[in-house]
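*Asks:* build me a model from this:
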Amino acid sequence: MDGRVVTGWIARPVLDPTTVETVRDHLYGWLGAPEPYRRARSPHVSVFGVRVPTVEAEAVEADFGAFAESVGTWRGTLSGYHVHPSARNPMVVALDVPLDLGRLASPIADLLARHGGRVGRGPHPAHVTLLKGGVRGEELQWAQIDDRTRERLAAVLDAGHRRPSDDPPDPLVAPTFGIELGPPELAWN
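*Replies:* Model (predicted):
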């Protein structure tokens, strides 16, 4: 073996992203289209980062395809928001997904290990990203967000922070709706 590795991500796509995209766009607009944030594209739930030897990538894809087919789709109800790493420093604003990613951890780790690979990152709490802040490797600091955006985001995340001038529209307050995720997909970086 030559020691080279390929990295990638396993994700579960949102099969009908219309409602997620609508909430994302309304939230972004209500926040005032703040410059530090950009809207996430192609709604999905990131599951794990993976690392495998380059020479094994094709075999991993074949085995993973069969595994993903056996997992199938998932239906559930999204309820509320998730921020990362914290509400004080929200690099990511997302919707919470009540999906147990741990159930996929062991079979995926075993599949990767059979090919000399491993889980590189994750699992993360299941979420569908709406807004991303900063640039990869650079943290978004509150100082980069104007006070109005900060107050409006706090109002959406926690009703206790609401003032009459920052009262978000009802569809943005604890959004709750059904969602269907497709089988896991593997994409190389």
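*Asks:* just checking, what packs against the helix or strand bottoming out on mean pLDDT in the chain?
*Replies:* Ranking every helix and strand in the chain by mean pLDDT, DSSP states H and E puts helix 147-157 at the bottom, with a mean of 82. Helix 147-157 is packed against helix 18-30, strand 81-85, with contacts defined by 3 or more CB pairs under 8 Å, 6 or more residues apart in numbering; DSSP states H and E. Yep, even glycine has a C-beta here, placed from its N, CA and C like the rest.
*Asks:* what distance separates it from the centre of its chain?
*Replies:* Mean-position distance between helix 147-157 and its chain equals 21 Å (CA atoms, centre = their mean, to the nearest Å).
*Asks:* do a quick rundown of the strands in the chain.
*Replies:* Along the chain, the segments classed as strands by DSSP state E run 5-13, 37-39, 44-53, 74-79, 81-85, 90-96, 118-121, 127-133, 176-181, 185-188.
*Asks:* ok, which of those comes nearest Val20?
*Replies:* When the strands of the chain are compared by CB to CB, strand 127-133 sits nearest Val20, at 5.6 Å.
*Asks:* and the contacts of the closest one?
*Replies:* 14, 20, 23-24, 27-28, 36-40, 43-46, 78, 82, 84, 90-97, 140, 179 (CB atoms under 8 Å, 6 or more residues apart in numbering).
*Asks:* per-residue confidence for Gly32?
*Replies:* Looking at Gly32, its pLDDT is 86.
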